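Engineer: 3D model of this:
(chains A and B)
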Amino acid sequence: MYRSSRRIDSEATEWAVRSHARALSAEEQAELDTWLEADPRHRGAFLRASAAWMDLDRLAALSGTGGLAQAVQASQPESQPEPAPLARRRWAVAASIALVLVGAIPAWWVHSHRNVYVSQVGEVRHVDLADGSNMVLNTETRATVQYDDAHREIDLAKGEGFFQVAKDPVRPFVVRTGAISVRAIGTVFSVKATHHRVDVTVTQGMVELVDDSNPEHVLRRRLGANEHATVEETHRFEVQHLDDSEVSRRLGWRDGLLDFEGQSLLEAVGEMNRHNSKHIVVDDPLLAARPVVGQFLASDPAGFATTVAVALGAQSIEQDDGIHLRRASGQ
Amino acid sequence: MQDRARHQWVATHVLPHEGEVRAWLRRHVHSLSPSDIDDLIQDAYARLWSVEFSHITNARGYLFAIIRNLLLENARRARIVPMERLGEIEMLRIPSEEPGPDRRVSARQELERLERMVAGLPEQCRRAFQLQKFQCLSQRQIALKMNIAERTVEKYLAIALGRVLDALKQDGEGAMGRPESGTNGHVSKQSTD
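Structural biologist: Okay, here's the model as predicted:
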């Protein structure tokens, strides 16, 4: 049976909106699957409509505080704009800022700022930047912020940062770590630089990931909301989509929480140790491979060790060089 | 949605070329009616449904190749194009170059188009759309704020998205997306049937 493309488009837009804006019920999902299965053109129209719907996020990010956003404010004088999910929850907390000015303050100060922010082991540091952007630095992070008339650049030498970027179409916001840079116009994302590995997670809007380690062949990739990219060796981006709970799990460190959903004990311990000078040591490779599930206070290695020992039938022994986890005797 | 990565890929790499592909079809395959073109475009996106997109480095070329193959398939089935045109389609040259920077629409132009689209929406529909995309409110929050059913919010948003899709179909000035190369806005010849 031939169905007009117009009719199909109209059904596709409804499905695209519904499935992107909220979780479908099992019934709806089955209905959508049946509809998609019925005709390849349904799939085509749905793909096109979904893509256009997502592309609107890019335009929304570009528009910033411009006319489109203001139109709402003007028609809604009584309402406060609600905070975006995840984005602005913690910004009111004004944390002390380690601010080191490099060099004296010469005449170009007015136009160019260069500040270095460092967080200590176990510390989560909130920083308000001059343009209204915010950043949160996870444990043991070093970020150099340089602003001038045309650029907003953050050099992340090590560690992890979460960035909420104020919109400024004239000055792109770029976070660089080694050969990898992440360019945003107005968006919310995090960058984590560990040994030879960079992780980028976007929670809102869109960023462009650039690898210019080889100037002959610069690699670019756009990342949208809920996308996560890993760069382990240069010239390769591994991109995956994350659901909302996975995104908040990965960003739980901003609240001082670490959330594990079945990572190996070795990985979980590595993450705990990033946050504490008192380290946990896993003495047994079999134990190290066991999965860990649960939420832990990043600053409490002893609590973590005790809980995990109970859950995995292990022993937790405190020694001079840290807390040792080993299999309980008799196992 | 499992497939958001694919949707995002299409948004970034395919949508920007849709206007150009449509203009190319209008210019070179005169026997196609506007609704034939809509059908072809839907078929083309359908082909993208299951391809391993991460391996596609030149999405624009890929899109043109799909369209060309679809034309040939249709011609063989004599659905759209008479048999004698088959050779003609095989001769069709895909424009080799991407539009130069001057031909690309700037972010500001894109936003102006979006603003025009938004301004043309019915009042309630516009409010729902703005609250969703620019204030990042959830469906439920919008429903509460506007005192309407969530289902109604979805209807409004679908209408807004429909306008966005319509704008994608237009070439040159009217498009939401970025324009095609080497056209002065309109096609030299209209469809013949």
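Engineer: residues in the stretch 101-250 of chain A within reach of chain B, list them.
Structural biologist: Counting by C-beta under 8 Å from any C-beta of the partner chain, the residues of the stretch 101-250 of chain A close to chain B are A:169, A:204, A:222-224, A:226-227, A:239-241. For the C-beta atoms, the positions are set from N, CA and C on the backbone; glycine is no exception.
Engineer: Any chance of a PyMOL selection covering the buried ones in those?
Structural biologist: Here is the PyMOL selection string for the buried members of these, based on 16 or more other C-beta atoms under 10 Å in any protein chain shown:
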select buried, chain A and resi 204+222+223+224+226+227+239+241
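Engineer: Which elements pack onto the helix or strand that contains residue A:16?
Structural biologist: Using DSSP states H and E, residue A:16 sits in helix A:5-21. Where contact means 3 or more C-beta pairs under 8 Å, 6 or more residues apart in numbering or on different chains; DSSP states H and E, helix A:5-21 is packed against helix A:26-38, helix A:40-63, helix B:34-47, helix B:150-169.
Engineer: Nearest to residue A:58 among the residues of the stretch 101-250 of chain A next to chain B?
Structural biologist: residue A:224 (7.3 Å; C-beta to C-beta).
Engineer: Find me the pLDDT at the closest one, would you?
Structural biologist: pLDDT, residue A:224: 87.
Engineer: That one reaches residue A:202, doesn't it?
Structural biologist: Yes: with contact defined as C-beta atoms under 8 Å, residue A:224 counts as touching residue A:202 (6.3 Å).
Engineer: so where do the helices sit in chain B?
Structural biologist: In chain B, the segments counted as helices under DSSP state H are B:4-13, B:15-28, B:34-47, B:59-76, B:86-91, B:107-119, B:123-133, B:139-146, B:150-169.
Engineer: Show me what the fourth one packs onto, helices and strands only.
Structural biologist: When contacts are defined as 3+ C-beta pairs under 8 Å, 6+ apart, helix B:59-76 sits against helix B:4-13, helix B:15-28, helix B:34-47, helix B:86-91.
Engineer: could you redo those as CSV and give each row mean neighbour count and distance to chain A?
Structural biologist: Output for the helices and strands packed on helix B:59-76, formatted as CSV (neighbours: other C-beta atoms under 10 Å in any protein chain shown; distance: least, C-beta to the nearest C-beta, whole Å):
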stretch, mean neighbour count, distance to chain A
helix B:4-13, 23, 4
helix B:15-28, 22, 5
helix B:34-47, 21, 3
helix B:86-91, 13, 20
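Engineer: how about those helices in TSV, adding distance to residue B:75?
Structural biologist: As requested, the helices and strands packed on helix B:59-76 are exported to TSV (distance: least, C-beta to C-beta, whole Å):
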stretch	distance to residue B:75
helix B:4-13	26
helix B:15-28	13
helix B:34-47	12
helix B:86-91	5
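Engineer: any idea how far residue B:34 lies from residue B:66?
Structural biologist: Note on residue B:34: its distance to residue B:66, by C-beta to C-beta, to the nearest Å, is 19 Å.
Engineer: so how many other residues sit close to residue A:173?
Structural biologist: Residue A:173: 25 surrounding residues under other C-beta atoms under 10 Å in any protein chain shown.
Engineer: That one touches residue A:167, doesn't it?
Structural biologist: No: the criterion here is C-beta under 8 Å, and residue A:173 misses it with residue A:167 at 9.1 Å.
Engineer: residue ranges with poor pLDDT in the chain?
Structural biologist: No chain specified, so I'll use chain A. Chain A contains residues with pLDDT under 70 at A:1-2, A:63-113, A:185-186, A:234-235, A:329-331.
Engineer: not what I meant, chain B
Structural biologist: Within chain B, the segments meeting pLDDT under 70 span B:1-2, B:77-107, B:171-193.
Engineer: again, only using 50
Structural biologist: B:1-2, B:102-103, B:172-193 (pLDDT under 50).
Engineer: Can you give me the first-to-last residue distance of stretch A:310-321?
Structural biologist: Using C-alpha to C-alpha, to the nearest Å, the end-to-end distance of stretch A:310-321 comes out at 22 Å.
Engineer: what comes up buried for it?
Structural biologist: Going by neighbour count (16+ other C-beta under 10 Å), the buried part of stretch A:310-321 is A:312, A:314-316.
Engineer: who touches that stretch?
Structural biologist: Residues from elsewhere that reach stretch A:310-321 (C-beta atoms under 8 Å, 6 or more residues apart in numbering or on different chains): A:265, A:279, A:281, A:284, A:287, A:290, A:292-294, A:302, A:305-306, A:308-309, A:323-329, A:331.
Engineer: show me what contacts the residue in chain A that chain B sits nearest to?
Structural biologist: Evaluated by C-beta to the nearest C-beta, chain A has residue A:44 as its residue closest to chain B, separated by 3.2 Å. Contact criterion C-beta under 8 Å, 6+ apart gives B:41-49 as the residues in contact with residue A:44.
Engineer: Out of those, which is nearest to residue A:153?
Structural biologist: Residue A:153 has its nearest neighbour among the contacts of residue A:44 in residue B:48, at 36.2 Å by C-beta to C-beta.
Engineer: residues near residue A:220, how many?
Structural biologist: By other C-beta under 10 Å, neighbour count at residue A:220 equals 12.
Engineer: ok, it touching residue A:212?
Structural biologist: No: using C-beta under 8 Å, residue A:220 makes no contact with residue A:212, being 9.2 Å away.
Engineer: So which of the buried residues of stretch A:310-321 belong to helices?
Structural biologist: Filtering the buried residues of stretch A:310-321 for helices - DSSP H - leaves residue A:312.
Engineer: Just put the buried residues of stretch A:310-321 in TSV and tack on distance to residue B:6.
Structural biologist: Output for the buried residues of stretch A:310-321, formatted as TSV (distance: C-beta to C-beta, whole Å):
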residue	distance to residue B:6
A:312	38
A:314	42
A:315	48
A:316	45
